[in-house]
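Visitor: need a structure here:
(chains A, B, C and D, ligands or ions: 2)
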Number of protein chains: 2
Amino acid sequence: MKLNTKGRYAVMAMADIAKCGLGGAPSKAVPMAQIAERQHISLPYLEQLFSKLRREGLVSSMRGPGGGYTLARPASQIYIGEIMQAVGEPVKMTRCNREKNESTGCIGGGDCNTHELWSALSDHIYNFLGSISLQDVIDKNVGSFGSLTSNLRAVNEKTGPEAIEEAI
Amino acid sequence: MKLNTKGRYAVMAMADIAKCGLGGAPSKAVPMAQIAERQHISLPYLEQLFSKLRREGLVSSMRGPGGGYTLARPASQIYIGEIMQAVGEPVKMTRCNREKNESTGCIGGGDCNTHELWSALSDHIYNFLGSISLQDVIDKNVGSFGSLTSNLRAVNEKTGPEAIEEAI
DNA sequence: TAAATACTTGACTGCTGTAGTCAGGAATTA
DNA sequence: TAATTCCTGACTACAGCAGTCAAGTATTTA
Ligand code: FES
Ligand code: FES
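Guide: Ligands and ions are numbered 1, 2, ... in the order given. Now for the predicted structure:
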């Protein structure tokens, strides 16, 4: 259950544009080469991602000298969930593709024991990512959801404090 | 951002024991071979997982004929987060290991743009999994957190209903 | 028009980590 | 002793991720 670079880099790049494109009155275009350098991302790899972001209408591009990328909408109206979806970062905890007849993963036919659980978890993540805007991210305004619950605190007492460290 | 089989199988197996071990007064031991068959999991692979579950004190084992596994605590006192942690399913959206000097991933030194976001997401998932017990799972009592938020509903209007389908 | 800048696209590849296998051993019951 | 079940570590194939490469197209400046 790890986030891969596609989703991570896409959000990092979008945040970079939101932050660095505030020059002129019509927000300044940010060249991809600068993004790649600032965020330490390989340029050709970024190009792949932006191709998708553009296709989904999240960014606008301008070519030629002085060109670059701008956000298609204000940062407060672009949600992280959209970015993830645009670049094809899957947020899917279930492994049953009943419609596609993939026999990979779960028991064919009926639901497995835990289908409801993973489905609820997917929703949970989906809701979270859909509720946070790019503006929230650059403002570091992601809302701490309190500390760990008492349930997990009990767990951590057993496994030691590095478990908490790990979650941060 | 997918759940891998380690975590999934571990929870499936634990749920299986909770469901099928209700025979005698001291709950009946469930042999691993039965779990493997019912849940369609390779037996040697399951053995790996149970080795960890036992080491973390989530299950008790009895060898010999008539032996098998039982839950170490009542199902209502075992939380999904514990199971995940026991088998080493990482729930970590950040990619910065500052303490371990891994230069992999994020920009060394300061935080990247999005550290707070991924950190908050990790917490969010962590809290969720820590709040659901094994009993909740077998009762299908995972609590629907409502449907998608209004934010994401706007997204889905654009990308079509299969996006919703995908999230289920 | 020519040169410079920057975006666009598709195909290709190395490699890490996941998922799963295999063989042998130890405890318990009958 | 024989049968059943758990226990352990080392080993491997392969999908999918992360990243590269190369050639092409569009726009602006001079
Ligand atoms: S996750 Fe859907 S049937 Fe197993
Ligand atoms: S995720 Fe922690 S610094 Fe990037």
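
Visitor: what about the helices in chain A?
Guide: Along chain A, the segments classed as helices by DSSP state H run A:5-20, A:32-39, A:43-55, A:80-87, A:115-130, A:134-138, A:150-159, A:162-167.

Visitor: Looking at those helices, which is nearest to ligand 1?
Guide: Ligand 1 lies closest to helix A:115-130 among the helices of chain A, at 3.6 Å (CB to the nearest ligand atom). Every C-beta, even on glycine, is put in place using the N, C-alpha and C of the backbone.

Visitor: any idea which of the helices of chain A is most buried?
Guide: helix A:80-87 (a mean of 25; mean count of other CB atoms under 10 Å in any protein chain shown).

Visitor: That one near ligand 2 at all?
Guide: No: Helix A:80-87 lies apart from ligand 2 when judged by CB under 6 Å from any ligand atom; the minimum separation is 13.9 Å.

Visitor: Contacts for that helix, please.
Guide: Outside helix A:80-87, the residues within contact range by CB atoms under 8 Å, 6 or more residues apart in numbering or on different chains are A:6-7, A:10-11, A:14, A:49, A:52-53, A:55-56, A:58, A:91, A:126, A:129-130, A:132-134, A:137, B:1, B:117, B:151-152, B:155, B:159, B:163.

Visitor: mind redoing it with 7 Å?
Guide: Contact with helix A:80-87 is made by A:6-7, A:10-11, A:14, A:49, A:52-53, A:56, A:58, A:91, A:126, A:129-130, A:132, B:117, B:152, B:155, B:159, B:163, as judged by CB atoms under 7 Å, 6 or more residues apart in numbering or on different chains.

Visitor: now stretch A:30-46
Guide: Under CB under 7 Å, 6+ apart, the answer for stretch A:30-46 is A:9, A:12-13, A:16-17, A:20-21, A:47, A:50, A:67-69, B:107.

Visitor: from those, which two are the most distant?
Guide: Largest separation among those by CB to CB: A:Gly67 and B:Ile107, giving 25.9 Å.

Visitor: Any regions of chain A where pLDDT drops low?
Guide: Within chain A, the ranges that satisfy pLDDT under 70 run A:22-27, A:97-110, A:143-168.

Visitor: sorry, back to before: let's have the helices of chain A in a markdown table, adding distance to B:Asn141.
Guide: Putting the helices of chain A into a markdown table (distance: least, CB to CB, whole Å) gives the following:
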| stretch | distance to B:Asn141 |
| --- | --- |
| helix A:5-20 | 31 |
| helix A:32-39 | 43 |
| helix A:43-55 | 39 |
| helix A:80-87 | 27 |
| helix A:115-130 | 9 |
| helix A:134-138 | 32 |
| helix A:150-159 | 15 |
| helix A:162-167 | 25 |
